[in-house]
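Peer 1: here are the coordinates; sequence isn't available:
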């Protein structure tokens, strides 16, 4: 990669460039014996949706560093559609926080419900697994600015929690 390509790759990008959406239909293999979506399957889909936004923004390989607390607000049944929307909230040098919001859509009843929201941290890496810088993100809308500010607070909470866990281990 020449210097011009490097400069392009770290040029700030708007949040809208990272917005990703994916949809899944819940099949019997995705469900528990009560025909409700397995939590682990939803977590997998959340990770994939988050990675899509992180890849789009960083234009690099990314690995999941963490995922924050998850609440499952409503059950999702076999046959329902699961819609996942993600975007980069904030960039911190080699890492970025991505928000993922999940809805369930029942196409028969035309009902939509919020299922879960998650914040994930991804780290950009090169082909050898070395961390690489991530371009800054530019929040444009009021909602993007709110999420951008919230990401800094959540990062501090994550750091404090990580320090507390290390203290408990020692």
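Peer 2: Cool, got the structure. Fair warning: this is a prediction, and the values are worked out from it, not measured in the lab. Numbers count the residues shown, from 1 in each chain.
Peer 1: which ones are touching residue 77?
Peer 2: Under the criterion of Cβ atoms under 8 Å, 6 or more residues apart in numbering, the neighbours of residue 77 are 26, 31, 35-37, 106. All C-beta atoms are positioned from the backbone trio N, CA, C, and that covers glycine.
Peer 1: try it again with 10 Å
Peer 2: 26, 31, 34-37, 104, 106 (Cβ atoms under 10 Å, 6 or more residues apart in numbering).
Peer 1: lowest-pLDDT helix or strand in this structure?
Peer 2: helix 3-9 (a mean of 53; mean pLDDT, DSSP states H and E).
Peer 1: so what's residue 24 closest to, chain neighbours aside?
Peer 2: residue 82 (4.7 Å; Cβ to Cβ, 6 or more residues apart in numbering).
Peer 1: pick out the most distant pair among the contacts of residue 77.
Peer 2: Taking Cβ to Cβ as the measure, the contacts of residue 77 span a maximum distance of 16.4 Å, between 34 and 106.
Peer 1: next one: phi and psi at the most centrally placed residue in the chain?
Peer 2: Compute the mean C-alpha point of the chain, and by Cα atoms, centre = their mean the closest residue is residue 50, 2.9 Å away. Dihedral angles phi and psi of residue 50 (degrees, to the nearest 10) take the values phi -60, psi -40.
Peer 1: on that earlier part again, looking at this, the residue nearest to residue 24 is in a strand?
Peer 2: Yes: Residue 82 sits within a strand when classified using DSSP: H, G, I helix; E, B strand; the rest coil.
Peer 1: beta partners of it?
Peer 2: Note on residue 82: beta-bridge partners residue 24, residue 104, judged by DSSP bridges.
Peer 1: next: residue 97.
Peer 2: residue 90, residue 121.
Peer 1: tell me where the model's unsure across this structure.
Peer 2: 1-9 (pLDDT under 70).
Peer 1: the longest helix belonging to it - contacts with which helices or strands?
Peer 2: Longest helix in the chain, counting residues (DSSP state H): helix 142-169. For helix 142-169, the packing partners by 3 or more Cβ pairs under 10 Å, 6 or more residues apart in numbering; DSSP states H and E come out as strand 61-67, strand 81-91, strand 95-106, strand 111-125, strand 137-138.
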